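> Return atomic coordinates for the entry below.
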Amino acid sequence: MKVYAPVSWMLIALFLACTRPGGGTDYESNLGDTVLTAAPKAPITIITGSTTPAEVTDFAKTLNGIPYKYASINPADGFDCSGFITYVFNHFGISVPRSSVDFTTVQREVKEKEAKPGDLVLFTGTDSTTHIVGHMGIVLHNGPAGFIFIHSTSGRANGVTETLLNDDYQHRYVKTVRVFPQNDQ
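The predicted structure follows:
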């Protein structure tokens with residue numbers, strides 16, 4: 001079962017971001033006397049079936065080193081961050097949104113300190129002044145050794161890599177979302 005908000009809000013947001021004086025990526029714009037606001041996104045439920053968080057994280061690790069490529073879900077070409085997530089989850093027949101911003105309303109939020117392997121960690125894009133999700137990864141570990149996640153980055157590591165939740169990412173941190181019910185136990 002896939003539950004997605006209508007695509008029309010994305011088109012409105014794109015239009016508004018492109019037509020707003022000075023650009024920008026917020027979902028509200030004042031056009032004359034009319035204020036247009038994108039429709040709120042409905043919560044998204046991801047059905048994981050019998051797949052375990054360990055299966056997902058183990059498979060994700062096999063993709064370490066694949067280069068970054070914007071808008072790609074093809075390992076032969078590379079991945080962007082959400083393309084990486086899409087590829088990993090689709091490998092197990094799990095449908096997920098394609099865009100990182102669409103994960104904002106997935107399942108439920110958990111506190112950073114409660115994150116477990118298989119949870120998804122969401123960040124702003126490289127412009128941390130906008131509080132819109134633009135990057136994401138899969139939690140691999142959260143304990144005394146630190147909070148480690150795997151993601152596809154266009155940064156220095158340039159590709160699929162395992163990263164410690166350092167000050168740079170902590171500054172961009174938005175939230176952690178739980179997709180596996182097993183992680184509630």
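> Name the next helix or strand downstream of the biggest strand by length in the chain, please.
The longest strand of the chain (DSSP state E) is strand 133-143. Using DSSP states H and E, the next helix or strand after strand 133-143 towards the C-terminus is strand 146-153.
> about what we covered before: give me the helices and strands touching the longest strand of the chain, please.
Under the contact criterion of 3 or more C-beta pairs under 8 Å, 6 or more residues apart in numbering; DSSP states H and E, strand 133-143 touches helix 53-61, helix 81-91, strand 120-124, strand 146-153. Glycine gets a C-beta too; all of them are placed from N, C-alpha and C.
> what comes up buried for the second one?
In this case it means helix 81-91. By neighbour count on 16 or more other C-beta atoms under 10 Å, the buried set for helix 81-91 is 81-89.
> again, but for the first one
Buried positions in helix 53-61, judged by neighbour count with 16+ other C-beta under 10 Å: 53, 56-57, 59-60.
> With pLDDT added, can I get those in a markdown table?
As requested, those are exported to a markdown table (pLDDT from 0 to 100):
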| residue | pLDDT |
| --- | --- |
| 53 | 98 |
| 56 | 98 |
| 57 | 98 |
| 59 | 98 |
| 60 | 98 |
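> So which residues make contact with the longest strand of the chain?
56-57, 60-61, 81-82, 85, 88, 100-101, 103-104, 112-113, 115-127, 147-151, 153, 162-163, 172, 174, 176 (C-beta atoms under 8 Å, 6 or more residues apart in numbering).
> Buried ones only from the residues you listed, please, as a ChimeraX command.
Under the burial definition 16+ other C-beta under 10 Å, those of those that qualify are selected in ChimeraX by:
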select :56,57,60,81,82,85,88,100,101,103,104,112,115,116,117,118,119,120,121,122,123,124,147,148,149,150,151,153,162,163,172,174,176
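> Please consider this matter closed, and thank you.
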